[in-house]
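>>> Predicted model and sequence follow; I will ask about them next.
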Amino acid sequence: MSAFVGIDVAAKTFDVVVRIDGKPNKVEQFSQTPDGHAAVVRKLQKFAPELVVMEATGIYYLDLAVALAKANLPVSVINPKSFHHFAAMKLNGNKTDAVDAALLAEFAQCMSPRRWNVPQDELLGLRDIGRQLNRLTGSRTQAKNRLHALTSKSMTLPMLIEDEQEGIDQLERRIKRLTQAALALIAGDDNLAAHFSHMTAAKGIGETSAIAILAELCVLPSTMKSSQV
């Protein structure tokens, strides 16, 4: 029995089709959550597929691809443009997510794309730190706006102003701690350090922006062209 798998990835869910001996099984949908990733790993390990194919779709494919690869499932993350050409040859225009998953399984069997390399744990860690920094920075901006509104009113209780300021101070400490952790990860990798140095040399790109950008770019497939990035 030969099995090939196609996965069509979306923001909240992903569709899976297993193609066995040239015939696709019925599509099955999973949630884009750790539980959903664990469930599809258990399902696919039963089939021992020769290849699992998904597109490099935004940011949504990465965590799923990592979960599959770390479970020793053979994963290929392909350029969406390559799949678009393949689908155009196969279809007459009726295209849905379920059809995409089935076509991706057929693509896996027919085209045998090369396997995807899992980003290093340090790069995945930097991505997670960068995203948390983005969240904290956003929360700090909101808190500062609330503080401004409170201080603009003559009747605001002093304790409310103090409370909001304490929240901002705490966010500042958390941002500083995570920034230091991100900088340590970057400094420990010559390639990342070079990119970071070049980025911060650009006018208008400070340390925080450079970390946020680099954290996302460092985990993208190395085969992607600039326009695809």
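Cool, got the structure.
>>> Grab the most central residue of this protein for me.
Most central in the chain under Cα atoms, centre = their mean is residue 59, positioned 3.5 Å from the mean C-alpha point.
>>> Please determine how far that residue is located from residue 195.
Using Cβ to Cβ, to the nearest Å, residue 59 is found at 19 Å from residue 195. Every residue, glycine included, has its C-beta placed from N, CA and C.
>>> still on that earlier bit, how about the residue nearest to the centre of the chain, phi and psi?
Torsion angles at residue 59 (phi, psi; degrees, to the nearest 10) stand at phi -100, psi 0.
>>> Just give the number of residues close to the nearest residue to it once chain neighbours are set aside.
Nearest residue to residue 59, sequence neighbours excluded (Cβ to Cβ, 6 or more residues apart in numbering): residue 216, at 7.3 Å. A count of nearby residues for residue 216, using other Cβ atoms under 10 Å, gives 16.
>>> same check, this time on residue 27
19.
>>> Would you point out the helix or strand in the chain whose mean pLDDT is lowest?
Least confident helix or strand, the chain: helix 80-90 with a mean of 84, by mean pLDDT, DSSP states H and E.
>>> Next up, the contacts around residue 62.
Going by Cβ atoms under 8 Å, 6 or more residues apart in numbering, residue 62 touches residue 219.
>>> how near is it to residue 153?
45 Å.
>>> where's residue 15, which helix or strand?
Assigned by DSSP states H and E, residue 15 belongs to strand 13-20.
>>> Which strands and helices lie in contact with that strand?
The contact analysis (3 or more Cβ pairs under 8 Å, 6 or more residues apart in numbering; DSSP states H and E) places strand 13-20 against strand 3-9, strand 28-31, helix 34-47, helix 97-111.
>>> Mind putting those into TSV with distance to residue 77, mean pLDDT and mean neighbour count?
Converted to TSV, the helices and strands packed on strand 13-20 look like this (distance: least, Cβ to Cβ, whole Å; pLDDT from 0 to 100; neighbours: other Cβ atoms under 10 Å):
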stretch	distance to residue 77	mean pLDDT	mean neighbour count
strand 3-9	10	96	26
strand 28-31	17	96	15
helix 34-47	15	97	15
helix 97-111	11	89	21
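>>> for those, which one sits closest to residue 177?
Among those, helix 34-47 comes nearest to residue 177, with 24.9 Å by Cβ to Cβ.
>>> Strand 13-20 and the closest one, what's the angle between them?
0 degrees (axes from the mean of the first three to the mean of the last three Cα atoms, to 10 degrees).
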